[in-house]
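In: kindly return the folded structure for what I paste below:
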Amino acid sequence: MIIAMDEENKVLKEENDIESDFGKDSERTYSQPLLIKRINTTSQIAIVGANVCPIESLDYEIAENELFKQDWRSRKKIQIFQYVLLKWAFALIIGLGTGLVGVFNNIAVENIAGFKLLLTTKLMLKHEYYKAFAAYAGCNLGLAAAAAALCAFIAPAAAGSGIPEVKAYLNGVDAHSILAPSTLFVKIFGSVLGVSAGFVVGKEGPMVHTGACIASLIGQGGSRKYHLTWRWLRYFKNDRDRRDLITCGAAAGVAAAFRAPVGGVLFALEEAASWWRSALLWRTFFTTAVVAIVLRAFIQLCSTGTCGSFGEGGLIMYDVSAAKVTYSAADILAVILLGILGGIFGSLYNYLVDKVLRTYSIINERGAVVKILLVITISLLTSICSYGLPWLAACIPCPTDVSASCPNTDVSGNYKSFQCPPGHYNDLASLFLNTNDDAIRNLLSTSTVKEFHISSLFIFFGAVYCLGIITYGIAIPSGLFIPVILAGACYGRLVGRLFEPISKLDVGLFALLGAASFLGGTMRMTVSLCVILLELTNDLLVLPLVMLVLLISKTMGDIFNKGVYDQIVKLKGLPYMEAHAESYMKNLVAGDVVTGPLITFSGVEKVGNILHALRSTGHNGFPVMDEPPFSDAPELCGLVLRSHLLVLLKGKIFSTNKLLARNEILSRIGALDFAKAGSGKGIRVEDLDIEEEDMDMYVDLHPITNASPYTVVESMSLAKAALLFRQLGLRHMCVVPKSQGRPPIVGILTRHDFLPEHVLELYPHIRLRK
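Out: This next block holds a predicted model:
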C-alpha cells in the first residue's frame, strides 16, 4: 500500500476524541483563528458565528463513476424536464420565502421599536425624564437579552452578519451549523430583537444569511429520516445544485433587505459567489424579481397603516429624487474629498473591527452566560449614548417652511421635541431616538440644509462610528451595512454643510455620497453597491458621482487593508480560496507542497484494508490503483470518496476472491444510495456491521470510482494549480509524476495545501507579501 495524505479533512477518529479535545485544548487550539497568527491551519476548525466548529470542503466535482453514468443513461426526457422545472420552482419558493421573511422583519421591527419609542416620548412629554430613560433602557435590555439568549443557547452560528460564512460556503467550505434550520430560526427572530433593541446594527447582513438558509432547507432533497422523500427531489442531493440554490438565496436576501432586486443579483455576482454562469444569472434574477413582487404586494396591503411604518415610500426606501442634481467643479472636489475620507475611515473601521473581534473571541469562549452579559453591557452603553447625548444639543426653533409637523410626537420624523419647549426640536434626538432606517431617512432628507447643527453631526458620527465597531462581534445577528450607511451619511452631510457656500448640491445628496464612500471604503464593492444605492434612493442623475466616489474610496481603502468581509473570513479561520494566486506560488510547483503519507487502494481491495484506512484517518478521498492481472502495469484508475466507500461496505457486496463484480453492484445499489445526506448525518464508520469473517473478503471499487479525476503534473506551477482548483470547484486534485517508471500518483492536493500558512510551514524562508 502506497501512502499520501488528505490534510484537508484531518478530523479526529472518534467522537470521544473530539469531545476530549474540546475539553482540554479548546483554549489553546480553537481560539487560534481569531487570537493569534497561526503557524499552521491544518486543524480543520473555524469560527462560525460566535462558536468554534469543525469544517470540511464541499464536493462540487461530478464523480463520473459507472453508477453515475448508468443513472444518466437511464434518465428519460420527462425526468430531465422535471429536473429543470424543479430548479425554477425552487427559485420561486426561495423568492417567496425570503420576501415573506423580509416583510415580517420590517413589520416586527417597526412595531416593536415603535412601541418602545412612543412610550419614551410620552414620558418625556410629561417631563418624567428618569422614567423615560428607565423605560427606554429597560426595553432595550430585555430585547437584547432575548436576542443574545437565542444565539448563545440555540444557534451560536447565527451571531454576526452571516455574509462571511455564506461567502465561504459558496467558495467550498462547509460546517454543519452554517445553514442549519436552528440557525435560520435564530437569524430571523434574533435579528428582529437585536435591531429593535436599538443596537447600531442592520438586518441586511442577516437577511443574506437567512435567504441562504431558506435555500439550503429547500435544497436538502427531502429527508429519509422523516419520510419526506420524493423521487424528483433526489436530483438535488449534491453540492453543485445546492450551491446554485444558496447563491439565489443570498441574492434574494439583499433584494428583500434593500428592496433592490437588481442590486441583489449583482451582490451575489460580485461579493458572494465564487462560481458563476449565465444560467445561474437567469435564475437569480427570477428569484429577486419574485422578492420584489412579494414586497410590493405587502406594501400595498400595509398602505392603510395597519403594519406600522412599513411600506412608507413604496419600494424606494430613501427617496432623494426631489433634489435638483446640478454640480460644478467645486462639487467634484467635494466628491473626491468624500471618496478619500471614505477610504481612510473605512480602512480604519476594518482595522478596529478586526481588533474588537479578537478581543470578543476571548470573552465569548467563557460560555453562554458571559456572551449574554457582554450583549447586555453593550446594550446599556448604547442606551446611555442614545438617551444621554441629545441632552448636549441645543433646542432649535421649528422651521416655518416645512410641511412636516414640528415637533412631531410620532414614532418617526425629522423633528423630535425631546426636552425642548413647544415650537422647538432636538436635532440629535431626531437621529438617536429613531429606528436606524428613520435616522438614515432623516440624514438623506433633501431641502433641509440647516436641520442639523454641525456640532450635532460631529457627535452623532463619532457615536455611531464607535458603537458600530464595538457592537459587531457580540452574540446577536448583526449586519454591517446600516451602521456604515449611518456613519457615512452623517459625515457626507457634514461635508455638504462645510461646502455649502460654494456648492450647488443638496446636503441630502452629499449624505448619499458620504454613505457610498464609506460603503466603498469598508466593503470594497463597486458595481453592486452603486446599483443598490440607486435602487434605494431613486435618483439616476447622481449616478456619475456615486460611481466616482465608490472608485476613489475603494482604491484608497485597498492601500491600507482588505475589505471587511475578507478580513472576517480570514479571522474566523475559514480556508477561503482567493480568485488570484499569491505571488510566491509562481516560484513553487505542485510537487513541492504535496505531503504524505497517502493511502491508496487496489481496484479490488480487501475489506479489512479499507476499514482500517477509514478508521485510522479522516481522509475524504483515496486514489484507486489497478495492478496486474487487471492491467498490464500499475496505473491510476481514479479516485473514490469516503462517503461512497461507506455505502458500498454497508451493502456488503463482497467476494472471497479478487473478482470484478460490476453487474452485481450496479443491480443492488443505485445512484440515489450515494446521494449526499442533507442536514442529517450520513453513514459513519460506526454504523457499519462488518463481521470478523468479512475482513478477509474482497470488494470491487471500480463501479464507484471516479474514473476521470482532475489531475496535474507535478511540475505545474503552484499558482496555475491554485487557479484551476478554485475555478473548477475541486475538493481533491491528483498530482501525477512527470516521468515514467514511478508510482502513477505522487499525491493529492486539497484546499489546505494552497493556504499560505501551510506553504510557510514547509518553506519558512519564503516571504509572504501582505
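
In: so where's the stretch 351-500 of the chain shaky on pLDDT?
Out: Judged by pLDDT under 70, the stretch 351-500 of the chain has its weakly predicted residues at 402-404, 409-414.

In: just the stretch 51-200 of the chain next, same as before
Out: Low-confidence segments of the stretch 51-200 of the chain, defined by pLDDT under 70, are absent; every residue clears the threshold.

In: list the contacts of stretch 494-507.
Out: Applying Cβ atoms under 8 Å, 6 or more residues apart in numbering, the set of residues contacting stretch 494-507 from outside is 320, 323-328, 330-331, 334, 337-338, 341, 446-449, 454, 457-458, 461, 493, 509-511, 514. Using the backbone N, CA and C atoms, a C-beta is placed for each residue, glycine as well.

In: now those residues: which count as buried?
Out: Among these, those scoring as buried are 320, 323, 325, 327, 331, 334, 337-338, 341, 446, 448, 457, 461, 493, 509-511, 514 (criterion: 16 or more other Cβ atoms under 10 Å).

In: you'd agree residue 709 is up against residue 731?
Out: No. Taking Cβ atoms under 8 Å as the contact criterion, residue 709 and residue 731 are not neighbours in contact, 10.1 Å apart.

In: which residues are common contacts for those two?
Out: Shared contacts of residue 709 and residue 731 (Cβ under 8 Å, 6+ apart): residue 61.

In: so residue 406 lies in a strand, does it not?
Out: No. With the criterion set as DSSP: H, G, I helix; E, B strand; the rest coil, the secondary structure at residue 406 is coil rather than a strand.

In: could you pull up the residues touching it?
Out: Neighbouring residues of residue 406 by Cβ under 8 Å, 6+ apart: 398, 399, 414, 415, 423, 425.

In: between those, which sits nearest residue 65?
Out: Sorting these by distance to residue 65 puts residue 414 at the head of the list, at 65.7 Å, by Cβ to Cβ.

In: so residue 456 is in contact with residue 425, correct?
Out: No. Using Cβ under 8 Å, residue 456 is not in contact with residue 425, being 11.3 Å away.

In: the stretch 301-450 of the chain: helices as residue ranges?
Out: Here the stretch 301-450 of the chain has its helices, by DSSP state H, counting those that start in this stretch, at 329-364, 368-388, 427-432, 436-443.

In: quick one: closest of those helices to residue 148.
Out: helix 368-388 (3.7 Å).

In: same for the closest one, what does it pack against?
Out: Packed against helix 368-388 by the contact rule (3 or more Cβ pairs under 8 Å, 6 or more residues apart in numbering; DSSP states H and E) you find helix 129-149, helix 329-364, helix 427-432, helix 454-471.

In: those: which one's closest to residue 82?
Out: The closest approach between residue 82 and any of these, judged by Cβ to Cβ, belongs to helix 129-149 at 41.8 Å.

In: I'd like the next helix or strand past the closest one.
Out: Taking DSSP states H and E as the definition, the helix or strand that follows helix 129-149 towards the C-terminus is helix 163-171.

In: contacts for that following helix?
Out: Outside of helix 163-171, the residues within contact range by Cβ under 8 Å, 6+ apart are 46, 48-49, 58, 157, 175, 178-179, 205, 208-209, 212, 243, 246-247, 250, 271-275, 565, 568-569, 572, 574, 576-577, 726.

In: circling back to that earlier point, looking at the contacts of residue 406, which two lie furthest apart in space?
Out: That would be 414 and 423, which, of the contacts of residue 406, are the farthest apart (Cβ to Cβ) at 15.0 Å.
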